[in-house]
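>>> One predicted model, sequence on top.
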Amino acid sequence: MNFEVSHALDWVNRINEKIQDNKGELTSLDQAIGDGDHGINMSRGFQEAVNKISGEDYSDVSGVWKDIATTLMSKVGGASGPLYGTVFLKMSTAVKGVENIDSQTFSSALKEAVSGIKQRGKAEAGEKTMLDVWEPLADKMSEVQDFDRQLILDTARSSMESTKDLVATKGRAAYLKERSKGHIDPGAMSSYYVFEALADCIKG
Ligand code: ADP
Ligand code: MG
Ligand code: MG
């Protein structure tokens, strides 16, 4: 399959639904190891992104992702706004001018997003951040030939869960040092919903 404008619109609508449904959970996770605003940040950002795209007419996926990026960057404070904004901006640039976005193109775009998180957050794998979900997803998707719903779901879940045992060395949770252990990273959890939403809009 190719990832079309309709998929891009469906994706962000589904992300927003999941974030709104799980806003309280994201807040609780951030209360445990951060400042308790991740649910608020994400729910505001993705609601604004949905509002933005619903009034527009798009000719390509790149345009949809660019509008999501600029909305998240301008409407969300904290670490997650610029980081999620960077993710969508990097993906937008990666697919600009590409006629058919197959799974290989999509996974290359994810790899660009991963580089963006690393640059912007100065983060590496294993630091208990959203990167610990995005990087395995980009890697796993690049190893298969087509969009694989189950692979996306399994990778997203296991990588999100794996952040529980990590000690945070980036973001607010890093202040807690060893005490950050035993809690799932909030940004890894919201990233899990992003990929669960992706799996939902990929049929077959
Ligand atoms: P803030 O920490 O500014 O209140 P949020 O609570 O919205 O922002 O987002 C926190 C999440 O952002 C963390 O759980 C983590 O996944 C991610 N994050 C924070 N700092 C970094 C960083 N330097 N690199 C990558 N991800 C980060
Ligand atoms: Mg926070
Ligand atoms: Mg904050």
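Cool, the structure landed. Residues are numbered from 1 along each chain as shown. Ligands and ions are numbered 1, 2, ... in the order given.
>>> quick one: secondary structure of M189?
Here M189 is recorded as helix under DSSP: H, G, I helix; E, B strand; the rest coil.
>>> And the pLDDT at it?
Per-residue confidence (pLDDT) for M189: 98.
>>> That one contacts T27, doesn't it?
No - applying C-beta atoms under 8 Å, one finds M189 not in contact with T27, separated by 10.7 Å. Heads up, the C-betas are built off the backbone N, CA and C, glycines and all.
>>> which of those two has more neighbours?
Ranked by neighbour count (other C-beta atoms under 10 Å), M189 and T27 place M189 first, with 24 against 20.
>>> which parts of the chain sit against ligand 1?
Within reach of ligand 1 by C-beta under 6 Å from any ligand atom, the chain has these residues: 30, 34-35, 37-38, 41, 78-80, 83, 117, 121-123, 129-131, 170-172, 185-188.
>>> Can you sort out which of those residues also neighbour ligand 2?
D30, G34, D35, D37, H38 (C-beta under 5 Å from the ion).
>>> Of the residues of the chain next to ligand 1, which belong to helices?
When the residues of the chain next to ligand 1 are checked against helices (DSSP state H), the matches are D30, H38, N41, S80, L83, I117, G121, L131, P186, G187, A188.
>>> Tell me who's in contact with the last one.
Contacts for A188 (C-beta atoms under 8 Å, 6 or more residues apart in numbering) come out as K128, T129, M130, D132, V133, S159, M160, T163.
>>> And the third one, by the same measure?
Contacts for N41 were tallied using C-beta under 8 Å, 6+ apart; they are V76, G77, G78, S80, G81.
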